[in-house]
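Asks: Sequence isn't available, so here's the structure alone:
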């Protein structure tokens with residue numbers, strides 16, 4: 001029997017068309033499955049592979065929230081510390097080298113080397129930079145308050161010297177430093193007083209604050225200008241800081257924001273206190289930054305003291321858990337206020353060194369940061385980055 005091939009040809013073509021159609025349907029089903037799978041992961045707060053996560057830094061996790069910064073010293077911008085900074089942060093603040101004493105040690109003498117090195121590190125690695133601090137009652141370099149005979153300078157002379165200092169420092173880093181802590185810690189620690197009884201205040205009165213902001217604005221009209229203070233969430237001191245800020249705003253003093261230092265602990269502040277402070281400061285139309293964040297494992301103490309006999313500085317599992325919970329709460333609140341909170345800066349890089357190792361108790365080790373003494377991420381780090389990111393997949397920058 002002979003086969004009629006022309007009879008089977010239309011049937012073969014029909015089968016081929018159907019197969020092609022089924023392939024397309026299968027491909028569409030696969031694409032939809034992938035998209036649904038990605039969406040499901042995103043809704044569950046997991047939108048990155050573990051490989052991508054290992055390359056992410058704090059700056060990447062919080063890129064839709066606020067700038068993530070860290071305070072540095074000249075030795076911080078070298079070696080292993082420098083690599084961690086570049087991976088995790090997108091802003092730096094000089095911890096000490098731009099304070100008046102170190103950078104302007106004598107009336108007609110400036111020491112630029114360390115500050116310049118940090119500024120160059122910021123520029124080379126595309127990091128934002130905050131300036132800290134132009135006017136403070138400590139680390140001033142005593143020359144600014146004394147005349148040639150050793151006596152106290154006049155108000156007029158003090159303001160001239162202040163202007164010279166601000167003009168010189170702010171102008172030098174114009175284009176590199178985007179924000180300055182102009183006046184630091186001017187509110188008194190005595191709850192019965194308003195402003196701190198400093199030499200600035202004794203000689204120039206409230207005008208030293210006003211003039212500092214005016215001089216800074218003249219030196220760099222583009223820089224953001226902040227008043228910076230500690231215990232700014234403590235209700236009693238908060239109210240006096242608010243009073244000062246309100247006065248400055250009403251006088252049209254060129255102030256852009258308030259820096260809440262954030263030297264906190266596992267014992268406080270409470271969530272209610274933090275939210276209330278953020279509400280009050282933002283009600284003035286001011287930008288808010290957390291400028292010096294660390295979370296001590298010890299209760300707050302102001303005065304220096306010696307280590308007590310038998311006093312332990314062990315970082316126990318119980319203390320670690322309390323620190324995790326404190327960091328979790330702080331950053332949950334920060335994220336809620338991301339519309340008014342523009343930056344969070346940690347005060348030092350890792351637990352290998354913290355200023356709290358020597359203050360207020362010399363020789364008592366503290367563990368206040370997100371990286372341990374070996375530069376590894378602590379559990380508190382993992383806690384504050386596990387929040388759900390509902391936007392598109394992020395990649396390290």
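Replies: Received it, and whenever you're ready, just let me know what you need. Owing to the predicted nature of the structure, the values given are computational and were not obtained by experimental measurement. Residues are numbered from 1 along each chain as shown.
Asks: Could you list the low-pLDDT ranges of this protein?
Replies: 1-54, 388-397 (pLDDT under 70).
Asks: residue boundaries of the strands in it?
Replies: With DSSP state E as the criterion, the chain has strands at 67-72, 91-94, 128-136, 179-184, 224-229, 257-260, 263-265, 287-296, 341-346.
Asks: which one of those lies closest to residue 277?
Replies: strand 257-260 (7.0 Å; C-beta to C-beta). Yep, even glycine has a C-beta here, placed from its N, CA and C like the rest.
Asks: Paired strands for the closest one, with orientation please.
Replies: strand 224-229 (parallel), strand 287-296 (parallel) (DSSP bridges).
Asks: Mind putting those into CSV with distance to residue 246 and mean neighbour count?
Replies: Below are the strands paired with strand 257-260 laid out as CSV (distance: least, C-beta to C-beta, whole Å; neighbours: other C-beta atoms under 10 Å):
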stretch, distance to residue 246, mean neighbour count
strand 224-229, 11, 24
strand 287-296, 15, 24
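Asks: mind checking which of the strands of the chain is nearest residue 103?
Replies: strand 91-94 (9.0 Å).
Asks: how close does residue 333 sit to residue 294?
Replies: According to C-beta to C-beta, to the nearest Å, residue 333 and residue 294 sit 17 Å apart.
Asks: same thing with residue 160?
Replies: Residue 160 sits at a distance of 37 Å from residue 294 (criterion: C-beta to C-beta).
Asks: Same list (the strands paired with strand 257-260) but as CSV, adding distance to residue 189.
Replies: Shown next, in CSV, are these (distance: least, C-beta to C-beta, whole Å):
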stretch, distance to residue 189
strand 224-229, 11
strand 287-296, 17
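Asks: Residue 97 is nearest to which of those strands?
Replies: strand 287-296 (15.3 Å).
Asks: Please state the offset of that closest one from the chain centre?
Replies: Distance of strand 287-296 from the chain centroid (C-alpha atoms, centre = their mean, to the nearest Å) equals 6 Å.
Asks: what angle separates that strand from strand 179-184?
Replies: Strand 287-296 and strand 179-184 are oriented at 70 degrees to each other (axes from the mean of the first three to the mean of the last three C-alpha atoms, to 10 degrees).
Asks: Would you mind getting the angle between strand 287-296 and strand 341-346?
Replies: Using the same axes, to 10 degrees: strand 287-296 against strand 341-346 is 30 degrees.
Asks: The stretch 1-150 of the chain: helices as residue ranges?
Replies: Counting by DSSP state H, counting those that start in this stretch, residue ranges of the helices within the stretch 1-150 of the chain are 5-43, 50-55, 58-61, 79-88, 100-103, 113-124.
Asks: Now the strands of the chain in a markdown table, please, with extra columns for distance to residue 386.
Replies: As requested, the strands of the chain are exported to a markdown table (distance: least, C-beta to C-beta, whole Å):
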| stretch | distance to residue 386 |
| --- | --- |
| strand 67-72 | 16 |
| strand 91-94 | 23 |
| strand 128-136 | 25 |
| strand 179-184 | 29 |
| strand 224-229 | 30 |
| strand 257-260 | 24 |
| strand 263-265 | 21 |
| strand 287-296 | 17 |
| strand 341-346 | 17 |
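Asks: And those: which comes nearest residue 242?
Replies: From the strands of the chain, taking C-beta to C-beta, the stretch that ends up closest is strand 257-260, at 9.0 Å.
Asks: List the contacts of that closest one.
Replies: With C-beta atoms under 8 Å, 6 or more residues apart in numbering as the test, strand 257-260 has contacts from 179, 181, 224-229, 232-233, 241, 245, 277, 281, 286-292, 342.
Asks: And the helices in the stretch 251-397 of the chain?
Replies: Going by DSSP H, counting those that start in this stretch, the stretch 251-397 of the chain shows helices at 271-282, 317-336, 379-384.
Asks: Now do the last one: which elements does it pack against?
Replies: Spelled out, that is helix 379-384. For helix 379-384, the elements it packs on are helix 317-336, judged by 3 or more C-beta pairs under 8 Å, 6 or more residues apart in numbering; DSSP states H and E.
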